[in-house]
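# here is the input, now give the coordinates:
(chains A and B)
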Amino acid sequence: MYEKIIRKVFMARPKPLLVTLISSTSQFGLPSIVTASFFRPNVIITGCRALEEQWWSHVRIGDVYFQVKSQDIRVISGGSFVTYMPTLEIPAKIRHLKRLTSYGEAISVGVNALVVKAGNIRIGDPVFASKHYGYAAEDDKGVE
Amino acid sequence: MTVSRFVVSVAKVMTGVGLAVAAYVFFEYYVAKHNWRYQTFRLVGEVVQINICPLASTKEICPEEVLCTPKGISLFGVHDREFFITRTKGPDFAVESPSKLVKEYFSESFREFEAYADINVLTINAPSGQNYDIDLTHSEHSHGPAQVYRASSIVAASDQGKKISSWLSQELGEEVHLFRQTDDIMMKFNRSNMAMCSICPEESVRHIQQKVGIFFF
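Here you go, the predicted structure:
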């Protein structure tokens, strides 16, 4: 029924873009030194409600359209993330992250999106999103 | 007299129908061109930071503007995480035999490196203050393409040469190789779903063309 096409994605990650919301990361109760950059996203957005991105279907930044493919799930292993703090250059294994276990063993820190319509994005560009209802963005399953 | 009036009225009706069809086709085309259909986008925020990391696991750079293509984001033609490091020893390394599997390598010490992309040049800054420029137009491939295991996928990548590898090894204190991803992770997704959301206008244009074809031919 549906036409299947193959879209090439050039990334170490299976999705070309990780979009993280400042409001979402602040929701985790992390210390103020831990910013959204902690999760090494490609685009950081402010002005949104916390965890709002889970309901996004498509995103438009400037003239560029993205299709949200999945949530970016970070697994908490022993109370810490397997990542680093880029700005402070210290390992991310900080005790404060134990708080996150209250959210479960894995949390979503943003969404992975595919670029559907190409263009330039700039700092200060307004971000528009369309929502889908009834279910949140799927977990990572896309790469074949 | 009656026949001529009939012909005139038929001509009027046909003209009206023709105009209506033309207006409909034009409207469909305009809607498709400007992505009006199904447009439910609303303002949710603004971009405050853009990060790109040409060499995987190193410090991110925060440009003011990047190009987004279906292949991902890129700065001066270098994609995000396009370059990466592998070890030269151990079970993960097999560069001597092309097409054998190599595994991407991460280390905390990579975070102290910075990689800047410029026009045809990738500059890697080491914490010691030394830097190395890689000419992107003329790579020194010391080996053939290798298969690299990256993020649950196997991709093709090329070794960037002994010169840069030895420099990186010296700076990192362990033997490593620099690779550049050459092919893409293949991924399938549903085109029709995209068209439904009016972010793929060519699909709608094709739809209109089909409609026009059915109507006129």
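
# so where's chain B shaky on pLDDT?
Scanning chain B for pLDDT under 70 picks out B:1, B:31-39, B:88-102, B:139-145, B:151-153, B:183-217.

# for it, which segments count as helices?
B:2-33, B:162-172, B:191-196, B:201-216 (DSSP state H).

# got the buried residues for the second one?
This means helix B:162-172. By neighbour count with 16 or more other C-beta atoms under 10 Å in any protein chain shown, helix B:162-172 contains the buried residues B:I164, B:S165, B:W167, B:L168, B:S169, B:E171, B:L172. From N, CA and C alone the C-beta is placed, and that goes for glycine too.

# so the closest residue to the second one other than its chain neighbours bridges to which residues?
With C-beta to C-beta, 6 or more residues apart in numbering or on different chains as the criterion, B:S165 has its nearest non-adjacent residue at 4.7 Å, and that residue is B:H177. In this structure, B:H177 bridges to B:T86 when assessed by DSSP bridges.

# for B:N51, grab phi and psi.
phi -120, psi 140 (degrees, to the nearest 10).

# quick one: it from B:V176, how far?
B:N51 is 23 Å from B:V176, where distance means C-beta to C-beta, to the nearest Å.

# how about B:S109?
Going from B:S109 to B:V176 by C-beta to C-beta gives 10 Å.

# these two: which has the busier surroundings?
B:V176 (23 against 14; other C-beta atoms under 10 Å in any protein chain shown).

# enumerate every residue touching that one.
The contact partners of B:V176, taken as C-beta atoms under 8 Å, 6 or more residues apart in numbering or on different chains, are B:I85, B:T86, B:R87, B:T88, B:Y105, B:S165, B:L168, B:S169.

# would you agree the fifth one is in contact with B:Y149?
Translated: B:Y105. No - applying C-beta atoms under 8 Å, one finds B:Y105 not in contact with B:Y149, separated by 10.5 Å.

# what residues does the closest residue to B:F113 other than its chain neighbours make contact with?
Closest residue in space to B:F113, ignoring its immediate chain neighbours: B:T58 at 4.3 Å, by C-beta to C-beta, 6+ apart. By C-beta under 8 Å, 6+ apart, the contact set of B:T58 is B:F110, B:R111, B:F113, B:E114, B:A115, B:I124.

# let me know the closest of those to chain A.
For the contacts of B:T58, the residue nearest chain A by C-beta to the nearest C-beta is B:R111; the value is 5.7 Å.

# burial measure for B:F6, as a count.
10.

# I misspoke; the intended subject was B:V21.
Neighbours around B:V21, by other C-beta under 10 Å: 14.

# how near is it to chain A?
For B:V21, the distance to chain A (C-beta to the nearest C-beta, to the nearest Å) stands at 27 Å.

# what's the spacing between that residue and B:Y30?
Distance of B:V21 to B:Y30, given as C-beta to C-beta: 15 Å.

# likewise B:F84?
45 Å.

# again, but for B:V66
To B:Y30, B:V66 is 31 Å away according to C-beta to C-beta.

# who has more neighbours out of these two?
More neighbours surround B:V66 than the other of B:V66 and B:Y30, with 24 against 10 (other C-beta under 10 Å).

# so how many other residues sit close to the closest residue to B:L178 other than its chain neighbours?
Using C-beta to C-beta, 6+ apart and skipping residues adjacent in sequence, the residue nearest B:L178 is B:Q160, 4.3 Å away. By other C-beta under 10 Å, 22 other residues sit near B:Q160.

# quick one, phi/psi of B:Q160?
phi -90, psi 10.

# surely it and B:Q181 touch.
No - with contact defined as C-beta under 8 Å, B:Q160 does not count as touching B:Q181 (11.1 Å).

# which residues are common contacts for the two?
B:F83.

# A:V109 and A:R40 touch, don't they?
No - A:V109 is beyond contact range of A:R40, at 9.7 Å (criterion: C-beta under 8 Å).

# quick one: which of the two has more around it?
A:V109 (25 against 20).

# sorry, back to before: between B:Y105 and B:Y149, which has more neighbouring residues?
Set B:Y105 next to B:Y149 and count neighbours by other C-beta under 10 Å: B:Y105 wins out with 20 against 14.

# quick one: the more buried one and A:A113, what's the gap?
27 Å.

# enumerate every residue touching B:F76.
B:A117, B:D118, B:I119, B:N120.

# now these in CSV, with neighbour count and distance to chain A?
Output for the contacts of B:F76, formatted as CSV (neighbours: other C-beta atoms under 10 Å in any protein chain shown; distance: C-beta to the nearest C-beta, whole Å):
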residue, neighbour count, distance to chain A
B:A117, 25, 14
B:D118, 13, 17
B:I119, 9, 16
B:N120, 14, 18
